[in-house]
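Asks: Here's a sequence, model it:
(one chain, ligands or ions: 1)
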Amino acid sequence: MNKIDMRVDFAGISMKNPIVVASGTYGFGREFGEFYDISQLGGISCKGLTFTPREGNPPPRVAETPMGILNSVGLQNPGVDEFIAKELPELRKHDLCVIANISGNTPEEYALMSEKLSRAGVDMIEVNVSCPNVKCGGLQYGVVPELAAEVTAAAKRSATVPVMVKLSPNVTDITAIAKAVEAAGADAVSLINTVRGMRIDVKTRRPVLKMNTGGLSGPAVLPIAVRMVWEVSNAVKIPVMGMGGVSTGEDAAQLMLAGATAVAVGTANLVDPFAALRVRDELAEIAAAQQLTAVRELTGGVLPW
Ligand code: SIN
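Replies: Numbering: from 1, shown residues only. Take a look at the predicted model:
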């Protein structure tokens, strides 16, 4: 089998391969680092950070569903300052793209976090306007094009590294949000975040999650992700990081054919700590079987009927 060039350029950042681990499914890499050298990944999007530490929502906050999970974690995290002091120095010992995922209560908080994190040495900021599990910030900014643009512009004003905006599937037209953040200066977009859902325990007649609703992720959402990555890739010029239900190389290849330059593996990490590396290797095998020389040749390669 021919050797595939796995390198990709993502918004000006060179990554050794297109596989990133998705925010909220890999912590800050410490636990996974006990299984393998995380430098083998293209990048890590760290657990979502907020300006001050958060304990998240009360349990139960994670539940299984057919082919997926529902979560209402609520952005539990140590806060941006503790991340910079304790987690980032550890991550920087590894050779991979470090992406800081941020959620703010106001555009000013997004700006302040972007400034601190750029100065501290992350490679990219992922502006999260799509968390479905918090009252303030998050999804509130991600469903209205003007608000998504305002937050993007605030982050861009303060960041000295590329800014990627994480989009929600919980909208009528995701391309309207993608175009708005592109016009506001976003260097890339990532999609999709989780799909809002709910489960009810029939015996107790209570929702299974304390917060009633949560975000659905896992293989069940892959076709939604492929459709939305395809729509957004055709609507904007900035690069797309595709995610949502990726657990095999074939899933990753679908997202790249739909237009993604890089692909994030999320919920699969919770099932198999080696999932991201397996996806990378299976993707390379698919590219080799199709006689490609570089994995980037898959991007946007879907053919019309
Ligand atoms: C959470 O912590 O509630 C999930 C974060 C997200 O969906 O962006």
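Asks: Next one: the nearest residue to Ala176 once chain neighbours are set aside from the ligand, what distance?
Replies: Leaving out its chain neighbours, the residue that sits closest to Ala176 by CB to CB, 6 or more residues apart in numbering is Pro145, at 5.1 Å. (Glycine included, C-beta is placed from N, CA and C.) Applying CB to the nearest ligand atom, to the nearest Å, one obtains 19 Å for the distance of Pro145 from the ligand.
Asks: which parts of the helix or strand bottoming out on mean pLDDT in the chain are buried?
Replies: Of the helices and strands making up the chain, the lowest-confidence element is helix 139-142, at a mean of 90, by mean pLDDT, DSSP states H and E. Across helix 139-142, burial judged by 16 or more other CB atoms under 10 Å covers 139, 141-142.
Asks: before we move on, what about stretch 206-216?
Replies: The neighbour-count check on stretch 206-216 (16+ other CB under 10 Å) flags 207-209, 211, 214-216 as buried.
Asks: Likewise for stretch 266-278?
Replies: The neighbour-count criterion (16+ other CB under 10 Å) identifies 266-270, 275-278 as the buried residues of stretch 266-278.
Asks: list the contacts for the residue in the chain sticking out farthest from the centre?
Replies: In terms of distance from the mean C-alpha position of the chain, Lys203 ranks first, at 35.3 Å (CA atoms, centre = their mean). In this structure, Lys203 makes contact with no residue, judged by CB atoms under 8 Å, 6 or more residues apart in numbering.
Asks: One more: the one 4 residues further on?
Replies: Shown in contact with Pro207 (CB under 8 Å, 6+ apart): 198-201, 213.
Asks: Select from the residues you listed every entry located in strands.
Replies: With strands defined by DSSP state E, the entries of the contacts of Pro207 inside them are 198, 200-201, 213.
Asks: pLDDT on stretch 291-302, on average?
Replies: Averaged over stretch 291-302, pLDDT sits at 98.
Asks: With stretch 213-229 instead?
Replies: Here the mean pLDDT over stretch 213-229 is 98, rounded to a whole number.
Asks: Is the ligand within reach of it?
Replies: Yes. Contact between stretch 213-229 and the ligand, assessed by CB under 6 Å from any ligand atom, occurs at Gly215.
Asks: Looking at the stretch 201-305 of the chain, which residue is nearest the ligand?
Replies: Residue nearest to the ligand within the stretch 201-305 of the chain (CB to the nearest ligand atom): Gly215, separated by 5.0 Å.
Asks: Surely that residue is in a helix?
Replies: No. When classified by DSSP: H, G, I helix; E, B strand; the rest coil, Gly215 is found to be strand rather than part of a helix.
Asks: Which residues does it form beta bridges with?
Replies: Partner residues in beta bridges with Gly215: Asn71, Arg196, with DSSP bridges as the criterion.
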